[in-house]
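Asks: Any chance you could fold what I've pasted below:
(2 chains)
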Amino acid sequence: MTRVRFAPSPTGYFHVGSARTALFNWLFARHTGGVFLLRIEDTDVERNREEHVDGIISAMAWLGMAPDEAIERQSARTERYRVAIDALWEAGFLYACDCTRDEVEARTADRATPGYDGYCRARGLAREGRALRYRTPDDGVTVVEDLIRGRIEFPNRAMEDFVAVRSDGKPLFVLANVIDDRDMQITHVVRGEDLLPTTPKGILLWRALDEAAEGEAGWGEVTPLPAWAHLPMLVNEQGKKLSKRRDPVAVELYREQGYLPEAFRNYLALLGWSPGGDREKVGLDVLVAEFRLEDVHHAPARFDVQKLAHLNGEYLRELPVDEFVARSRPWTVPEEEAAAGRWVPGAAAGAPFRPPWPPERFDEAVFVRMAPLVQERVTRFEEVPGMVDFLFLADPELDERSWQKAIAADADGARALLEGAIAAYQGCEWAPDDLKAVTLAVGESAGRKLAKAQAPIRVAVTGRTVGPPLFESLAVLGRAEVVRRLAAAVERLSAGTGS
RNA sequence: GGCCCCAUCGUCUAGAGGCCUAGGACACCACCCUCUCAAGGUGGAGACACGGGUUCGAACCCCGUUGGGGCUGCCA
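Replies: Here you go, the predicted structure:
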């Protein structure tokens, strides 16, 4: 039975690199029929924030990756760490050190290999109140057998005596990590490549813990080493490791923009891995069936929002219309959704998203009629309100550039056309096909083809030169309102505003 | 500096010695479709970093060079 864990530290929002690591762990667990754990590594009390734990959990739930067992927290395991540290100390693997960083640097400034110089090794300092260093071997190599990269050798002499325990008695990342992996019987450690250099330290500690277990320290059991798999980094445009500070990589941000979790997950899976052949857009079943750590890439991958957006558009378009409408609700009726206790964009950041229209003017029945046309024109839900706002606003929000281009640039022609449309629309059948035919005729008498004839009407009614198909829009909006807006445009033209 | 990792179109990738005249996707360009915008269709441009080996044969194996990246905290 395989057991894997995703072990984030809640020191910032949940970012795409972490999400990818979580996903690969999760896929591996599902593929092998194993267990997927979530372990919150919150030993650094100064940097950890509880809200970030919530962010991790909700983002994982959004992506459909719930842990299979209760969430573990390092902060709840201090007693366990204490026992392990005692055992390591008693077995002689650790020594106390009171050097400051400045002191070490001063002593080693002219050396070829910087790092701790072993100054306190033989000083026999008492343990209390001091950092504890692990005494690394002077020669030999520590081998990491990596499922993705193969055998990697680290010369022990290049590894300094690293601090394993802080002066306050708490274990540092590597130690806590190893103790946890042993206790939780982790069989495969799947994590980012940035952790590769600390892996030999973990192996050294793991073996030390094994030895301590066989001694008289009363510590745990001898535990087989897990297999390692170091995933290639996710990098930014400059090829650097994604950074929470520099790069816009919060998973929550993508959710708020209206990416579908299934699309986001699919895209994430494509970063450093491929289902093989020409396949890209694949369902969860294929992801799970095909995922193998051995097939994971070695080279870093760039996160490409454009490709994500395209993939999202594909997923969006294949949604049944009623589902598209339902899943648009956080962006069309966020107040209602929030009142029902459901997720809405922006809420986490304290600035809930609001569509441009007053809530009471939104009419889902009207939206449903337009939905199929909207669906094939957006790549993210965030774009939905802007596609249909003219239907729910008392007056369309007039885009000045559109007005200039389609109306003001040829004021006389536009006036003639708008007036022609007003007249024609008064008595015609009110359905898309009829409106199209009527508009075509109005255009012909004004010497314009349909493309040119519809432009002023579109701007007058919707406020913009681009949008969903015009005649369907007119049909949905209704005769009276369309005529009113056309007349308003003519009046605006006469008043000379917007020129 | 030291240790480690990496290297196929701009980007994500297919490719496990002959199937490669290197395939797909995003982005880009052109055309078609078309009431705008999209979507869709067709076509185009576009890569095995370089140099040595090994082999009858190398994008694939080995070595080196170059170039990128990671780590080098009493952070994780």
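
Asks: how much space between the residue nearest to A:Y13 when sequence neighbours are not counted and A:R191?
Replies: Take A:Y13 and drop its neighbours on the chain: the residue closest to it by Cβ to Cβ, 6 or more residues apart in numbering is A:A250, 4.4 Å away. Quick note: C-beta positions are derived from backbone N, CA and C, even for glycine. Per Cβ to Cβ, to the nearest Å, A:A250 is found 20 Å from A:R191.

Asks: now A:D139
Replies: 28 Å.

Asks: Looking at the two, which one has more neighbours?
Replies: A:R191 (22 against 7; other Cβ atoms under 10 Å).

Asks: Surely that one touches A:T21?
Replies: Yes. Applying Cβ atoms under 8 Å as the test, A:R191 and A:T21 come out as touching, 6.0 Å apart.

Asks: which neighbours do these two share?
Replies: Residues touching both A:R191 and A:T21 (Cβ atoms under 8 Å, 6 or more residues apart in numbering): A:L231.

Asks: Can you give me the distance of A:R20 to RNA strand B?
Replies: Using Cβ to the nearest atom of the strand, to the nearest Å, we find A:R20 at a distance of 10 Å from RNA strand B.

Asks: Ignore what I typed, I meant A:A164.
Replies: Per Cβ to the nearest atom of the strand, A:A164 is found 9 Å from RNA strand B.

Asks: Just list the residues touching that residue, thanks.
Replies: A:I85, A:L88, A:L94, A:L132, A:R133, A:Y134, A:P171, A:L172, A:V174, A:L175, A:L205 are the contacts of A:A164 under Cβ under 8 Å, 6+ apart.

Asks: ok, and the closest non-adjacent residue to the fourth one?
Replies: The one in question is A:L132. Nearest to A:L132 is A:V165, by Cβ to Cβ, 6+ apart, at 3.8 Å.

Asks: In the stretch 51-200 of chain A, where is pLDDT below threshold?
Replies: By pLDDT under 70, the low-scoring segments of the stretch 51-200 of chain A are A:114.

Asks: Show me the strands in it, by range?
Replies: A:72-73, A:94-97, A:131-134, A:141-146, A:150-155, A:163-165, A:188-192 (DSSP state E, counting those that start in this stretch).

Asks: what about stretch A:481-489, near RNA strand B?
Replies: No. Residues of stretch A:481-489 contacting RNA strand B under Cβ under 7 Å from any atom of the strand: none, with a closest distance of 13.4 Å.

Asks: and that stretch, which residues are buried?
Replies: Going by neighbour count (16 or more other Cβ atoms under 10 Å), the buried part of stretch A:481-489 is A:E481, A:V482, A:V483, A:R485, A:L486, A:A488, A:A489.

Asks: Give me the distance between it and the centre of its chain.
Replies: 44 Å (Cα atoms, centre = their mean, to the nearest Å).

Asks: Can you tell me what sits against that stretch?
Replies: Residues contacting stretch A:481-489 (Cβ under 8 Å, 6+ apart): A:395-396, A:407, A:418, A:421-422, A:425-426, A:456-457, A:459-461, A:474.

Asks: likewise stretch A:58-67?
Replies: Residues from elsewhere that reach stretch A:58-67 (Cβ under 8 Å, 6+ apart): A:6, A:14, A:19, A:22-23, A:26, A:36-38, A:251-252, A:255, A:261-262, A:264-265, A:268, A:284, A:343.

Asks: Weed out the non-buried ones from those residues.
Replies: For the contacts of stretch A:58-67, a neighbour count by 16+ other Cβ under 10 Å gives the buried set as A:6, A:14, A:19, A:22-23, A:26, A:36-38, A:251-252, A:255, A:261-262, A:264-265, A:268.

Asks: TSV for the buried residues of stretch A:481-489, including pLDDT?
Replies: Listed next are these as TSV, based on pLDDT from 0 to 100:
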residue	pLDDT
A:E481	98
A:V482	98
A:V483	98
A:R485	98
A:L486	98
A:A488	97
A:A489	97
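
Asks: for the residues you listed, which one is nearest RNA strand B?
Replies: Nearest to RNA strand B among the buried residues of stretch A:481-489, counting by Cβ to the nearest atom of the strand, is A:V482 at 13.4 Å.

Asks: so what's the backbone phi/psi at the closest one?
Replies: According to degrees, to the nearest 10, the main-chain angles of A:V482 amount to phi -60, psi -50.
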